[in-house]
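A.B. asks: missing the sequence, but the structure's below:
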């Protein structure tokens with residue numbers, strides 16, 4: 001995945017949706033980090049899934065940022081490098097579970113997946 005690429009149309013449609021952004025901006029402030037309750041959930045998710053990392057991500061119109069992460073040192077990515085943006089578009093009103101990002105062609109070269117996360 002090239003982080004300076006543009007988002008596919010279906011993904012961009014979700015990410016730049018004005019109603020979604022209005023709700024997000026009403027409830028979440030960019031840069032909110034180290035929220036204890038989220039850190040507990042993130043750590044439990046990693047343990048429960050036997051994973052070396054877990055992330056809670058928030059996607060606005062410019063960034064995917066991580067108010068809580070376990071085993072990952074990144075704080076944010078540009079929205080065009082967002083794994084979560086693609087998952088939001090794919091999920092619609094349902095859920096999505098990708099067992100192994102390294103086996104998904106969309107994300108296998110992503111810095112978070114390869115461990116080149118800064």
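C.D. replies: The structure has been received and is ready for your questions. Remember, it's a predicted structure, so these values are computed and weren't measured experimentally.
A.B. asks: What residues of the top strand by length along the chain count as buried?
C.D. replies: As assigned by DSSP state E, the longest strand anywhere in the chain is strand 63-70. The neighbour-count check on strand 63-70 (16 or more other C-beta atoms under 10 Å) flags 63, 64, 65, 66, 67, 68, 69, 70 as buried. All C-beta spots, glycine's among them, are computed from the backbone N, C-alpha and C.
A.B. asks: Was I right to think the fourth one contacts residue 82?
C.D. replies: No: because the distance of 10.8 Å does not satisfy C-beta atoms under 8 Å, residue 66 is recorded as not touching residue 82.
A.B. asks: which stretches of the chain aren't confidently modelled?
C.D. replies: 1-5, 31-34, 92-95, 116-118 (pLDDT under 70).
A.B. asks: how far does stretch 88-106 stretch from start to finish?
C.D. replies: In terms of C-alpha to C-alpha, to the nearest Å, the two terminal residues of stretch 88-106 are separated by 14 Å.
A.B. asks: Buried residues, that stretch. List them.
C.D. replies: Buried residues in stretch 88-106 (16+ other C-beta under 10 Å): 88, 89.
A.B. asks: any residues in contact with both of residue 66 and residue 82?
C.D. replies: residue 57 (C-beta atoms under 8 Å, 6 or more residues apart in numbering).
A.B. asks: Partner strands of the helix or strand immediately after the longest strand of the chain in the chain and their direction?
C.D. replies: Note on strand 63-70: by DSSP states H and E, the next helix or strand toward the C-terminus is strand 76-78. Using DSSP bridges, the strands paired with strand 76-78 are strand 63-70 (antiparallel).
A.B. asks: who's in contact with the partner strand?
C.D. replies: For strand 63-70, contacts defined as C-beta under 8 Å, 6+ apart pick out 30-35, 38-39, 41-43, 45-46, 53-58, 72, 74-79, 81-85.
A.B. asks: Could you check how far it is from the centre of its chain?
C.D. replies: Offset of strand 63-70 from its chain centre (C-alpha atoms, centre = their mean, to the nearest Å): 7 Å.
A.B. asks: what does stretch 9-25 give?
C.D. replies: Worked out by C-alpha atoms, centre = their mean, stretch 9-25 lies 14 Å from the chain centre.
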